[in-house]
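1. attaching a predicted model along with its sequence, questions to come.
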Amino acid sequence: MNDAIQPGPENPPQATGTPQLSVIVPTFNERDNVTTLFQRLQVALAGVPWEVVFVDDNSPDGTWEVVRGLALQDSRVRCIRRIGRRGLSGACIEGILASSAPCAAVIDADLQHDETQLPKMLALLNGGEYDLVVGSRYIEGGSADSFNKQRAGASQLATEVAKRVLGVEIADPMSGFFMISRDRFEQLAPRLSTQGFKILLDIVATGRGDLRVKEIPFTFGSRLHGESKLDSMVALDFLGLVLAKLTHDVVSLRFLLFAMVGSIGLFVHLAALYIALEAFDLPFAEAQACGALSAMTSNFILNNFLTYRDQRLKGFAILRGLLLFYLVCSVGLFANVGVAFSVYDQEPVWWLAGAAGALMGVVWNYAMSGLFVWRKR
Ligand code: GDD
Ligand code: MN
């Protein structure tokens, strides 16, 4: 029998029956943490029928293998192994939707959240007065002392922006530790973003005014093993979410980034054209082709790095992606010129026709790149 399951003082007798609580644990490279977390859940939730769903994005360290081992020993454990996808929010959404208890909790795998609060959170939800209970670091009794200065500052800034811009009223909308009633979650799920880190903020902003929220304090601890997956790019994710919520999901950050990269491409194009003409003395047609090729290449690199960083192409796939991107953009150019011509035909205003063509080009390139170059597997 696996150590994690053996009866003993660590493993008190467990409640049976249909699960009242589903605990969702998103994981990426948490191999050394999941068994300890499972043991701690057993202790904390001894009086409650519960289940745990690990959602692993095909971790290179084989976290999913360890979870499968636990699941073979204890049927309350399940593992969703997602291939070709990355993202904390999406993992949480999928995990909650794959479970069926009336209440669902989300918790980090690395023991930074306080699992001993779960029974209290469950009692609050079951009391019927609340739809969502949030583990909060920023109310009396809570803390995040393990944060370094930079991270603490970033967290506070994001919290302030969320409160002012989105009108979110809770003290810690950036928390990753919460419990929600299934019914309410199922209602909100279709409108939640699967990109990014800020699932709780998304839930609170999307269900604004409607959700009855209770915050309880907890101490954000230190990571047991491994390292944080938050990088400086989460700031981008955060901005994207704010933007999407502000515009009622009309503007996506991905499209804006794609368009921004396209504008940078214009400068690259002009610079390369200039160099080809002046430094290499190329005839105009060849120089212009050089400009276009440079712009497409730099656009591809920037998009792979920024716009599609969650689906970044690596290794050999980069070459294939680049060739497809050239193809997509070349067709986009025809679409661009075609639209510009027909607008000019009806309304001979050069800038209107030019802008319409450029817009057509960018929309085409964006749509086709998403379909063919950075397509979801
Ligand atoms: N499936 C999946 N996919 N899981 C992920 C991914 C991903 O792309 N990225 C991170 N995770 C898992 C981690 O393995 C961990 O269990 C949990 O999500 C949180 O990630 P951490 O890397 O531990 O984040 P953190 O501790 O720095 O940030 C925590 O605090 C933030 C508040 O400051 C998280 O709880 C955040 O959600 C929270 O916003
Ligand atoms: Mn963590």
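-> Now that the structure is in, tell me what you want to look at. Ligands and ions are numbered 1, 2, ... in the order given.

2. residue 23 and residue 104: what is the separation?
-> From residue 23 across to residue 104, the span is 8 Å (CB to CB, to the nearest Å). Yep, even glycine has a C-beta here, placed from its N, CA and C like the rest.

3. the more surrounded of these two?
-> Using other CB atoms under 10 Å as the criterion, residue 23 and residue 104 rank with residue 23 on top: 28 against 25.

4. so the more buried one makes contact with residue 107?
-> Yes: using CB atoms under 8 Å, residue 23 is in contact with residue 107, at 6.1 Å.

5. can you show me the CA trace of stretch 360-368 as CSV?
-> Coordinates of each C-alpha in stretch 360-368 appear next as CSV, following Å, rounded to 0.1, in the frame of the first residue of the first chain:
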residue,chain,number,x,y,z
MET,A,360,-9.0,43.5,-43.2
GLY,A,361,-5.4,42.3,-43.3
VAL,A,362,-4.9,42.2,-39.6
VAL,A,363,-8.3,40.5,-38.9
TRP,A,364,-7.5,37.9,-41.6
ASN,A,365,-4.0,37.3,-40.4
TYR,A,366,-5.2,37.0,-36.8
ALA,A,367,-8.0,34.6,-37.6
MET,A,368,-5.9,32.4,-39.9
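
6. sorry, back to before: quick check: neighbours shared by residue 23 and residue 107?
-> Among the neighbours of residue 23, those also in contact with residue 107 (CB atoms under 8 Å, 6 or more residues apart in numbering) are residue 118.

7. which is the next helix or strand following the strand or helix carrying residue 338?
-> Taking DSSP states H and E as the criterion, residue 338 maps to helix 316-346. Once the chain leaves helix 316-346, the next helix or strand it forms, by DSSP H and E, is helix 350-368.

8. Provide the contact partners of that next one at residue level.
-> With CB under 8 Å, 6+ apart as the test, helix 350-368 has contacts from 255, 258-259, 262, 328-329, 331-333, 335-341, 343-344, 347.

9. buried subset of those, written for PyMOL?
-> With 16 or more other CB atoms under 10 Å as the criterion, this PyMOL line picks the buried residues out of these:
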select buried, resi 255+258+259+262+328+329+332+333+335+336+339+340+343+344
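
10. let me see the contact set for whatever residue of the stretch 251-377 of the chain ends up closest to ligand 1.
-> Relative to ligand 1, the nearest point of the stretch 251-377 of the chain is residue 310 (7.8 Å; CB to the nearest ligand atom). Residues counted as contacts of residue 310 (CB under 8 Å, 6+ apart) are 86, 87, 195.

11. for the first one, helix, strand, or coil?
-> It refers to residue 86. For residue 86, the assignment made with DSSP: H, G, I helix; E, B strand; the rest coil gives coil.

12. can you get me a residue count around it?
-> Here the number of neighbours of residue 86 (other CB under 10 Å) works out to 16.

13. from memory it sits against residue 59, does it?
-> No: using CB under 8 Å, residue 86 is not in contact with residue 59; the gap is 10.4 Å.

14. now list whatever residues contact both of those two.
-> By the contact definition CB under 8 Å, 6+ apart, residue 86 and residue 59 are jointly contacted by residue 28.

15. roughly how far does residue 44 sit from residue 26?
-> Residue 44 sits 19 Å away from residue 26, going by CB to CB.

16. whoops, residue 366 was the one
-> Taken as CB to CB, the span from residue 366 to residue 26 is 28 Å.

17. quick one, which of the two is more surrounded?
-> Comparing residue 366 with residue 26 by neighbour count (other CB under 10 Å), the higher total belongs to residue 26, at 29 against 21.

18. got a list of what the more buried one touches?
-> Listed by CB under 8 Å, 6+ apart, the contact partners of residue 26 are 54, 55, 56, 57, 88, 91, 92, 95, 106, 108, 109.

19. what about ligand 1: which of these touch it?
-> Residues of the contacts of residue 26 in contact with ligand 1 (CB under 6 Å from any ligand atom): 55, 56, 57, 88, 91, 108, 109.

20. what about the last one, neighbour count?
-> A count of nearby residues for residue 109, using other CB under 10 Å, gives 28.

21. roughly how far apart are it and ligand 2?
-> According to CB to the ion, to the nearest Å, residue 109 stands 8 Å off from ligand 2.

22. and the second one, by the same measure?
-> Distance, residue 56 to ligand 2, using CB to the ion: 15 Å.

23. quick one, what contacts residue 268?
-> Residue 268 is in contact with 291, 294, 295, 298, 299, counting by CB under 8 Å, 6+ apart.

24. give me every residue that touches the residue of the stretch 151-300 of the chain found nearest ligand 1.
-> Nearest residue of the stretch 151-300 of the chain to ligand 1 (CB to the nearest ligand atom) works out as residue 176 at 2.1 Å. By CB under 8 Å, 6+ apart, the contact list for residue 176 reads 88, 106, 107, 108, 113, 197, 199, 200.
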